[in-house]
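Colleague: this one's structure only:
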């Protein structure tokens, strides 16, 4: 194991921790505003719990490698997520756009955890690799859920909008 690769793994884990903080803030804001799409709200709330567990698991990996939690990165990520969520709340098609934004964010997380699996394997951190692989599978499951349900959610949105019912949320 080279010191450089170990430091890179630790840095990427710290980034992943901040990313999970950002994800939780964004999803909690979205879930709190969803009124007419109960299946979406339920799945987002479930993923919020997964995200909290993921952050805890990543924090344990960081500590196992002798690092510290990235408080500044996490604070900035949460702030950016809050600003982003406020902007989404102003959209007339918030739920429709939120599905797409969430799908894109899940793929950023997927790419992050794929890289972490490779980096952990390279430096022989089997437990970190196992944790990152498990998180990767959860992120992929959420992305798949969003992809599979997007057509029906968009149909529901368009039907509500056409009937002059509140569709936005």
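Modeller: Now that the structure is in, tell me what you want to look at. Quick caveat, the model's predicted, so the values are computed rather than measured.
Colleague: Show me what the helix or strand harbouring residue 141 packs onto, helices and strands only.
Modeller: Assigned by DSSP states H and E, residue 141 falls within helix 126-162. For helix 126-162, the packing partners by 3 or more CB pairs under 8 Å, 6 or more residues apart in numbering; DSSP states H and E come out as helix 3-33, helix 38-64, helix 94-122. C-betas here are computed from N, CA, C, even on glycine.
Colleague: can these go into a markdown table with extra columns for mean neighbour count?
Modeller: Formatted as a markdown table, those follow (neighbours: other CB atoms under 10 Å):
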| stretch | mean neighbour count |
| --- | --- |
| helix 3-33 | 20 |
| helix 38-64 | 18 |
| helix 94-122 | 19 |
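Colleague: Now do the nearest residue to residue 9 once chain neighbours are set aside against residue 25, distance only.
Modeller: Among residues not flanking residue 9 along the chain, residue 119 sits closest, at 4.4 Å (CB to CB, 6 or more residues apart in numbering). Going from residue 119 to residue 25 by CB to CB, to the nearest Å gives 26 Å.
Colleague: for residue 7, same thing?
Modeller: Residue 7 sits 28 Å away from residue 25, going by CB to CB.
Colleague: what do you get for residue 163?
Modeller: From residue 163 to residue 25 the distance is 33 Å (CB to CB).
Colleague: Mind checking which residue lies nearest the centre of the chain?
Modeller: Centroid-nearest residue in the chain, with CA atoms, centre = their mean: residue 23, separated by 4.1 Å.
Colleague: give me the low-pLDDT residue ranges for the protein?
Modeller: 1-2, 71-92, 164-169 (pLDDT under 70).
Colleague: count of neighbours near residue 124?
Modeller: Residue 124 has 11 neighbouring residues, counting by other CB atoms under 10 Å.
Colleague: nope, residue 125 is what I was after
Modeller: As a burial measure, residue 125 scores 23 neighbours (other CB under 10 Å).
Colleague: now the one 4 residues further on
Modeller: Number of residues near residue 129 (other CB under 10 Å) recorded here: 20.
Colleague: OK, contacts around residue 117?
Modeller: With contacts defined as CB atoms under 8 Å, 6 or more residues apart in numbering, the neighbours of residue 117 are 129, 132, 133, 136.
Colleague: let's see it at 10 Å
Modeller: By CB atoms under 10 Å, 6 or more residues apart in numbering, the contact set of residue 117 is 128, 129, 130, 131, 132, 133, 134, 135, 136.
Colleague: Tell me the one of these nearest residue 51?
Modeller: When these are compared for distance to residue 51 (CB to CB), residue 135 comes out closest, at 9.4 Å.
Colleague: about what we covered before: unless I'm mixing things up, the residue nearest to the centre of the chain is touching residue 102, no?
Modeller: Yes. With contacts counted by CB atoms under 10 Å, residue 23 reaches residue 102, the gap being 9.1 Å.
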